[in-house]
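Visitor: Below are the sequence and a predicted model for it; my questions follow.
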Amino acid sequence: MNKSAELIEVFSSVQGEGMLVGLRQAFIRFAGCNISCDYCDTGSLTAPKHCLMEATPGRRDFFPQANPVGLERIAMHLEGWCRGWPGVHHSISLTGGEPLLHHDALVEWLPRLRSILPIYLETNGVPHETLGTVIDNIDYISMDIKLPSTSGEADLWDCHQRFIEIAAHKELFVKVVVGETTQDWEVIRACEIIAAVGKNIPLIIQPMTGKDGSVTVSPIKVIELQETACRYLKEVRVIPQTHKFLGMI
Ligand code: SF4
């Protein structure tokens with residue numbers, strides 16, 4: 001009992017990606033990742049000495065909290081936000097890094113956190129062995145399929161396939177980050193993996209963005225990739241990273 005976890009930051013912001021885009025969430029960013037994407041914008045993924053905790057939701061008035069952080073510290077903080085700003089937050093986003101690397105802590109944390117707000121998991125869709133240990137206390141799953149052309153990760157297809165098979169029991173959507181060099185076969189392979197589990201599972205095509213928030217993929221490329229995906233799946237949306245051009249974290 002009383003498992004703690006290495007965190008990078010706890011903050012409140014607007015969800016900038018995926019199907020819940022625009023909703024306000026309380027974010028818990030976990031340290032560490034099991035893969036290494038070329039486009040990773042999370043900064044240092046190794047655990048810092050201190051986690052940065054936002055005192056007032058969305059106001060960027062961070063204070064340091066020694067790592068690792070325990071459940072009670074996080075739960076009391078988020079309960080305070082919900083008391084002070086009732087109705088503002090839609091859900092708690094578990095993000096990273098890769099939150100599922102902390103599955104031991106999550107098994108203990110999630111029932112308590114879920115009593116505060118629904119739980120939204122942002123995951124790279126690789127650690128399928130651990131998803132099953134926590135899935136009962138997760139409400140929404142946003143998982144990536146890492147395309148080789150943009151992530152630099154060559155062969156995660158089998159892991160993604162097993163992950164989707166487990167994740168499909170929840171409200172699931174899948175995201176692929178596409179760039180100018182993304183090829184049709186990559187999107188087709190991703191679609192086939194998703195369609196084998198369910199053609200109704202939404203796919204988000206997320207055009208790559210530069211550090212300044214500008215999209216680095218040509219509109220025609222995005223249109224063509226969406227047309228390809230629509231041959232396999234019923235719901236294919238193009239959604240860029242909106243938090244970047246809003247200047248939010
Ligand atoms: S999965 Fe996410 S956190 Fe991990 S390296 Fe890729 S972009 Fe970064």
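Guide: Cool, the structure landed.
Visitor: residue closest to the middle of this protein?
Guide: Of all residues in the chain, the one closest to the mean position by Cα atoms, centre = their mean is E122, 2.2 Å from it.
Visitor: roughly how far out does the helix or strand hosting A195 sit from the chain middle?
Guide: When elements are defined using DSSP states H and E, A195 is found to belong to helix 184-197. The offset between the C-alpha centroid of helix 184-197 and the centroid of the whole chain comes to 20 Å, using Cα atoms, centre = their mean, to the nearest Å.
Visitor: Would you verify that the residue nearest to the centre of the chain is located in a helix?
Guide: No: applying DSSP: H, G, I helix; E, B strand; the rest coil, one finds E122 to be strand, outside a helix.
Visitor: which ones are touching H50?
Guide: Listed by Cβ atoms under 8 Å, 6 or more residues apart in numbering, the contact partners of H50 are P64, Q65, A66, N67. (C-beta placed from N, C-alpha, C; glycine too.)
Visitor: Please determine how far the third one is located from the ligand.
Guide: Put plainly, it is A66. 23 Å (Cβ to the nearest ligand atom, to the nearest Å).
Visitor: Verify the contact between that residue and K49 for me.
Guide: Yes: contact criterion Cβ atoms under 8 Å: A66 and K49 qualify, at 7.1 Å.
Visitor: More neighbours: which of those two?
Guide: Taking neighbours as other Cβ atoms under 10 Å, A66 and K49 compare with A66 leading, 10 against 7.
Visitor: show me what contacts the more buried one?
Guide: When contacts are counted by Cβ under 8 Å, 6+ apart, A66 touches K49, H50, C51.
Visitor: pLDDT value on T56, please?
Guide: Listed pLDDT for T56 reads 98.
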